[in-house]
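*Asks:* The sequence isn't on hand, but the structure is:
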Ligand SMILES: [Zn+2]
Ligand SMILES: [Zn+2]
Ligand SMILES: [Zn+2]
């Protein structure tokens, strides 16, 4: 399928007189998709049961007549004021017990049955009207689940639903008490009605209690989501999509993705570097107008795994400065094009910019669009048009299996967020550090869920930080090169310590007998260069030490195919580990210049320069914010 | 009018036996004013409707008989415990919804009608008793509106009053929905009763909603205030005063000031440097015992504009260490005198020290007075007496119009606090940076409200950061040298983006097409020296670039009289801008030594050394914490 | 009495089949004590009034039969879920008013009469069953009062009890109003029912109000505690113990200790350095795996004073990494032995490790034990066994009075926490700084309460920061060398300023006329070396200045025996002060190498190397984490 471009558009924000020229300008810029409707409930159903579809029919006609394919959103992330009147208890509560009320968006608790039914009702109504309309080429359900920390809710509705979930999960309180170790501190329950949410306790609650609440909360998102999926599946054959966010980890995206067709995500590279990534001030300054060089690619690769058959889009692409990060600089000239091509290189079918024209009002009035509020073109528009032109001049970019697989597992994020043991221990960060090291070595990577069982073709698999590994995964990995750890199999699925203790790697005699978390600024230097920081394990057993610290304690043990890593490597140690293992795995690696990243597709190698200076690579000078590609035959996967 | 000194005194805190000697000692030190009564409600009306005026009558007699002029305060910032019993719902709530109850001061919500009436009642009673008493030379209404963040209240009373204010302001919800852009995120209302206060939302509320709440909150202060003004106006001819605070910006002081006669403020230079000014650790250490060299002068000039006919006082002057800042060092010897003379040089009629004697109990027991708790003289007393002596030996200091005007606009503070776009964007700080640059260049400055229309005599006007400029202001400025921007006219009064986009400076072809906020530590260097930090605008149009950045982007454009500044200058760039423009405007500027500041009056030039080392200036050696003056003819204003 | 070792054990956490081998292994390791039961309420009384003692009887038999002496804990810090059902209002509230509910531990308000009675009831029931059982050699009441900030509760129960306490303390509101200075800000009350808890005020509450609440809160702990003391005293002759915590200061430990027999505390050196001590990042890194070299010794000396007749234990000793600090590194090899010996050198009768085996579940699953979760020995076990062996080879370590006394006074902590005047002023830290300086000079120290009156044998007494000194203390000190101050007698017991102002040292003419707090990074250099930081007083009077600052202001005044210190010395100044005074007091001092500490007992000098490098001392090389001792005759106390 040929890659294409799109844009997010809000006809309800603009005078009717602008719609035709907007549509014509979109087409002129080379855009072929337009997403509409996802925040428009108050215009579709201004009063309960009273609908106004005239404007929406009209907008669909105008856009479609201009040649655009439409993605229609269900507006369930912004219930109107009358809904809040009808269900005053529909809101989430924060962990302190305060209501999170009307006045912005995502003001609902996933556990509120009344609102869940209303969301199903509006999906049915929209499905009835537009489900067979050929102008609607895809559907988006809700918008950015989990954005603004909305998965975890401490509302009465959530508490009641949690008790039902516990009863269904454990059957009786004795089973639950045993599973959680509630004998500790006399926390035993004799009735599910005694069990509260794990907030407002004197000191930390039982981690098993908290993990159960996190699993429940993820399940509630899935359950909520599937009400709309069911409503739409019965009414349309168009693909169903949800637009995920960056580093939102409170629900299992693989579970949500299972019932729909295409994964998409909202990519805001500069905003994310500012508001959700750990980085030194120097690094923030270095990538201030570009974004982190691995954050986007990581999510591209992640959501390619979430999408059915690898189908995924960028539903919202940052086109200029945003409004919501602590500081909001502009992208370097060229970055909008770079980001777009990077998505295509990683397999995106569509990249859709957010938004067509900067709104002159409300919360996002300082969020750039492809056009300015006065309708003049903004700098991003030219870059989008250039990509459209480039796309038109070449065949489709085709994906190929990467030589390296990296496993990403949402429950591990919850486990270590619940039981960090070190204040800055983050599963996501650990995996991103590993991903970054692979990419700096020039490798293309596939991300897989921990439920993956098909590893044919991968020369190397990495599985850092997986809290509880299913035995079947070990079996499926066979005897290919795999790097496990740190912190693998350190807990059961109930967040208790297994006996025998982890990591329980088949045929590798190693046990983690003690762990240490290290504060920022401290490290354990490793013989030969590099260091462990943040997390250090004591390894026992007969497995061969491949890398050890200066005191002779093993840091990496392995037998030439299976390896276990007993610490959190710094970048230099990551590089050594990859250099150590890659040759055996039949992988060529070489360190890329800082800021440069490459991605191999079926016939091309793409190179992206996230740096603010030109770099030399492969005999070419790639300018700052530059992207280039050339024919390339990736290594054979076998 | 000859300048004079005063002091704040609490006879109710001391045995009756000390009053006569206190009064005599005040007079002996050269003080002529004494403020009393503003916290004494529980002694004036110990039980509801039951009054005890004997002690107050007595105190007034003692003080007046000693030759002191009395300022009598209404005690409405400290309602007694019985008031809280009577109106359990009279308290403000914080943004999380928690009550801000009895037990300190300012424990009332400006929107509570019951308490507002009680405040009017006590003002009437005091007015009835003392309004025609010639010993009462002035009245202070309440105390430090807005101190302890008390303007914004999220109480039920505030919510109800806000709905009425909205109904009165917008008439119907359609108008409000359109004005605020509530179509965004389906935030449209069909009834004013659906509108809550802009707190406890999932993510940020609509900025228009928040700005309306800020405007409402300021109006509530004015409305509350005028109940007492009306009560007293009918009962006295003495001037009415309120004592404002430093950097309290949540209400429009010009609006409060309109109904009264004299502006006053409470000047705590060392406390303010510690608790409410941005400064590097080095700068904090440099001015640890002196206070920021521009903070006091800025407020002097600001409140001179707030006072009717330029009448203003310092009602409370720091006399030694305070108790309420994070750290409370002592002033360098000489600073109490310096601060006092600085106020007179800027036009204060009276400087009144807070307080006569350090209280041995309660919240402010560690706050220095002119006398120690054991009644021995504290270091500040000698300095006050020295000023009194100096005053007695010279004629009145007379004010003269400054050559430079700087516009200060409270609604702009609210606009940018609501929509900062960069986490450290502060309107106040922007204006203070500009003021500091002018002062470091040796210029005296008048501060004017954005409602000012009389600019005769000003050679240069600066108007940084004004969110929405009335057209009439442009007309009034005529063709004198004016520096506008940054961020001027960037929004409408409803906090939406205007079309055409700002700054809309007449006859200057410049449009701000994009803005960027820059994190601390990053900057855009400017050709020729200096840099923009924090805020950078992209300027388009045919206006001549006077200063550009290293990439050639215009930073300052202008035609020789009107200039637009598209960024937040660092100190060096501010200096360059002033050096660039001053000669054309007929102003002589030269950089003063660090820590030295000058102020020109009708016949004198004063110099103040805020530094901790002596400096050479004008052929004199001015010691640390020194003040000096000499005859000087300011430049002709025409 | 010969020193011995113990361990904390939770039979209810483990299969019955492990108990015998556990007991045998304890004995084999040289342990003689085992603490059980303190968290087991839900197993002892699974439903209200329905008891299961079979398992506990069994466990006692197994442990005792193996030769272990048992400490039985009352389980009142972990009331079961049914208790929360019975008393839904039994919980403490935090200062914002939020409930601190069920789900962890210490979930009760000390002021809740219903739960207090339940705690007495379970103590009676346990006392009835086991009070005369000879296998129970000691009782522990509750667990770690005050841990997790549980002393101060803002619950309705606390508010009501506070009103009664106030009525009982002050008799009438006039007396209270006068004592607190409530005339200030019209805070006067006419009924005790008007008085709330000092939270949720607009700005700080009256410090006298807050101090009264702190005194009340401490009294509530004592009252709560004594209900169980009374229940057990009537039923057993075994000694009663409570296990205190490190740097928990919200209740007066001397008051709690008065009714029981043995003080004990829970010593977590590495956790405490990470979570409750001020230290630079460099210092944290230096002692990362050892803990602060003075924190443990300070508490040893403190709790020796709290215990009746100097009897004290370490009830819980860190044996490896803990789970609850921000970062949790492992102890250096040797530290478990060092900590144990250090406790014995300071007079501990028993050191008991927490815990026998690491639990595989619940909140503390990452907390090391002497054995791993898989029952293999953990590194701490060998070190414990080595200490047991060493103990068996030598006579009992006997205590001797130290030559130096340091006074510690809980009400002073409350006073300065309430009225810090400088944001980082901490009484505890001030005293610890002083203690550290004494120890770095090689001195052994006794800590005494401010109620101490027997000072025979002390050559030097230090009394820093005591808010209100009883006259009788001055008399008791006689004419031995004493260093008072800073901040001594600066307030009355009601937290108001006395007249005359402090420090009121008999026969030393010095008055503190002004105080200053100094922000971090600023200092007042002292002539001859060193500096004052954080706190600086202005001293007046005829007392001789012994040390002055560079401007000539006195910092230390004295007459050769009594000294007053008018500031907070940095380490170098502390060293100078001790060097100045020690010779006159007949004390030999010399600076120890960094990280080395010594402690003298009746016949031995112990040396402990907290450093991570070996040090030379007394002709010996003491390795990192090493401890050594040799015969030594301490100086004669007369
Ligand atoms: Zn979005
Ligand atoms: Zn709250
Ligand atoms: Zn004041």
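*Replies:* Looks like it arrived, so ask away. Nothing here was measured: the structure is a model prediction, and the numbers come from that model. Ligands and ions are numbered 1, 2, ... in the order given.
*Asks:* ok, the lengthiest strand in chain A: who's next to it in the sheet?
*Replies:* The longest strand of chain A (DSSP state E) is strand A:531-540. Partner strands and pairing direction for strand A:531-540 (DSSP bridges) are strand A:511-517 (antiparallel), strand A:524-525 (antiparallel), strand A:567-569 (antiparallel).
*Asks:* what about residue A:89, which helix or strand?
*Replies:* Assigned by DSSP states H and E, residue A:89 belongs to no helix or strand.
*Asks:* Give the full set of residues in contact with it.
*Replies:* For residue A:89, the contacting residues are A:112, A:155, A:156, A:157, by CB atoms under 8 Å, 6 or more residues apart in numbering or on different chains. Any C-beta I mention is one placed from the backbone N, CA and C, and that applies to glycine too.
*Asks:* For residue A:535, which non-adjacent residue is closest in space?
*Replies:* residue A:568 (4.1 Å; CB to CB, 6 or more residues apart in numbering or on different chains).
*Asks:* still on that earlier bit, which among the contacts of residue A:89 gets closest to chain B?
*Replies:* residue A:155 (12.6 Å; CB to the nearest CB).
*Asks:* where does the closest residue to ligand 3 within the stretch 201-350 of chain A fall, helix, sheet strand or coil?
*Replies:* Going by CB to the ion, ligand 3 is nearest to residue A:326 of the stretch 201-350 of chain A, at 33.9 Å. Recorded secondary structure, residue A:326: coil (DSSP: H, G, I helix; E, B strand; the rest coil).
*Asks:* Please apply the same query to residue A:451.
*Replies:* Secondary structure assignment for residue A:451 (three-state DSSP): coil.
*Asks:* Just give me the longest helix of chain A.
*Replies:* helix A:207-233 (DSSP state H).
*Asks:* Buried residues in that helix, which are they?
*Replies:* A:207-222, A:224-229, A:231-233 (16 or more other CB atoms under 10 Å in any protein chain shown).
*Asks:* Same question for stretch A:523-542.
*Replies:* A:523-524, A:526, A:530-540.
*Asks:* what do you get for stretch A:73-90?
*Replies:* Buried, per 16+ other CB under 10 Å, within stretch A:73-90: A:73-84, A:87, A:90.
*Asks:* What pLDDT is listed against the residue nearest to residue A:392 when sequence neighbours are not counted?
*Replies:* Leaving aside its chain neighbours, residue A:392 sits nearest to residue A:30 (7.2 Å; criterion: CB to CB, 6+ apart). The per-residue pLDDT reported for residue A:30 equals 98.
*Asks:* One more: residue A:70?
*Replies:* pLDDT for residue A:70: 98.
*Asks:* Residue A:311 versus that one, what's the distance?
*Replies:* According to CB to CB, to the nearest Å, residue A:70 and residue A:311 sit 18 Å apart.
*Asks:* More neighbours: these two, which one.
*Replies:* Remark: of residue A:70 and residue A:311, residue A:70 carries more neighbours, 24 against 21, as counted by other CB atoms under 10 Å in any protein chain shown.
*Asks:* counting contacts, what elements does the host helix or strand of that one pack onto?
*Replies:* Using DSSP H and E, residue A:70 sits within strand A:69-73. For strand A:69-73, the packing partners by 3 or more CB pairs under 8 Å, 6 or more residues apart in numbering or on different chains; DSSP states H and E come out as strand A:33-36, helix A:54-65, strand A:136-140.
*Asks:* switch to 10 Å and redo it
*Replies:* strand A:4-8, strand A:33-36, helix A:54-65, helix A:113-130, strand A:136-140, strand A:240-244, strand A:312-317, strand A:350-353 (3 or more CB pairs under 10 Å, 6 or more residues apart in numbering or on different chains; DSSP states H and E).
*Asks:* Tell me which of these lies nearest to residue A:562.
*Replies:* In terms of CB to CB, the element of the helices and strands packed on strand A:69-73 nearest to residue A:562 is strand A:312-317, at 31.1 Å.
*Asks:* Give me the average confidence score over the very next helix or strand once past that closest one.
*Replies:* As assigned by DSSP H and E, the chain's next helix or strand after strand A:312-317 is helix A:335-345. The predicted model assigns helix A:335-345 a mean pLDDT of 98.
*Asks:* quick one: helix A:335-345 to chain centroid distance?
*Replies:* Distance, stretch centre to chain centre, for helix A:335-345: 17 Å (CA atoms, centre = their mean, to the nearest Å).
*Asks:* any bit of that helix sitting next to chain B?
*Replies:* No - Helix A:335-345 lies out of reach of chain B by CB under 10 Å from any CB of the partner chain, never closer than 13.2 Å.
*Asks:* Now do that helix against strand A:312-317, angle only.
*Replies:* Here helix A:335-345 points in a direction 160 degrees away from that of strand A:312-317 (axes from the mean of the first three to the mean of the last three CA atoms, to 10 degrees).
*Asks:* Direction-wise, compare helix A:335-345 with strand A:4-8 and give the angle.
*Replies:* Using the same axes, to 10 degrees: helix A:335-345 against strand A:4-8 is 120 degrees.
*Asks:* Can you tell me whether I have it right that residue A:265 is in a strand?
*Replies:* Yes - Residue A:265: assigned to a strand according to three-state DSSP.
*Asks:* per-residue pLDDT, it?
*Replies:* 98.
*Asks:* just the one 5 residues further on next, same as before
*Replies:* With respect to pLDDT, residue A:270 scores 98.
*Asks:* ok, now how distant is it from chain B?
*Replies:* 10 Å (CB to the nearest CB, to the nearest Å).
*Asks:* Secondary structure element holding the nearest residue to that residue once chain neighbours are set aside?
*Replies:* Distances taken as CB to CB, 6+ apart put residue A:291 closest to residue A:270, at 4.9 Å, once the chain neighbours are dropped. Of the helices and strands defined by DSSP H and E, none includes residue A:291.
*Asks:* Give me the neighbour count for residue A:291.
*Replies:* 25.
*Asks:* List the residues that contact it.
*Replies:* Listed by CB atoms under 10 Å, 6 or more residues apart in numbering or on different chains, the contact partners of residue A:291 are A:267-274, A:277, A:318, A:331-332, A:335, A:338-339, A:610.
*Asks:* which one among those residues gets closest to residue C:348?
*Replies:* Taking CB to CB as the measure, residue A:277 is the one of the contacts of residue A:291 closest to residue C:348, at 48.5 Å.
*Asks:* So that closest one versus ligand 1, what's the distance?
*Replies:* 18 Å (CB to the ion, to the nearest Å).
*Asks:* Just give the nearest non-adjacent residue to that residue, would you?
*Replies:* Nearest residue to residue A:277, sequence neighbours excluded (CB to CB, 6+ apart): residue A:292, at 5.6 Å.
*Asks:* Residue A:436 is in contact with that neighbour, correct?
*Replies:* Yes - in this structure residue A:292 lies within contact range of residue A:436 using CB atoms under 10 Å: 8.7 Å.
*Asks:* okay, those two: which has more neighbours?
*Replies:* residue A:292 (22 against 19).
*Asks:* Return the per-residue confidence for the more buried one.
*Replies:* At residue A:292, the model reports a pLDDT of 98.
*Asks:* Could you give the residue of chain A that lies closest to chain B?
*Replies:* Among the residues of chain A, residue A:361 lies closest to chain B, at 2.5 Å counting by CB to the nearest CB.
*Asks:* just checking, that residue touches residue B:211?
*Replies:* No - in this structure residue A:361 lies outside contact range of residue B:211 using CB under 10 Å: 11.7 Å.
*Asks:* Spit out the residues that contact the two alike.
*Replies:* With CB under 10 Å, 6+ apart as the test, residue A:361 and residue B:211 both reach B:180, B:491, B:494, B:495, B:496.
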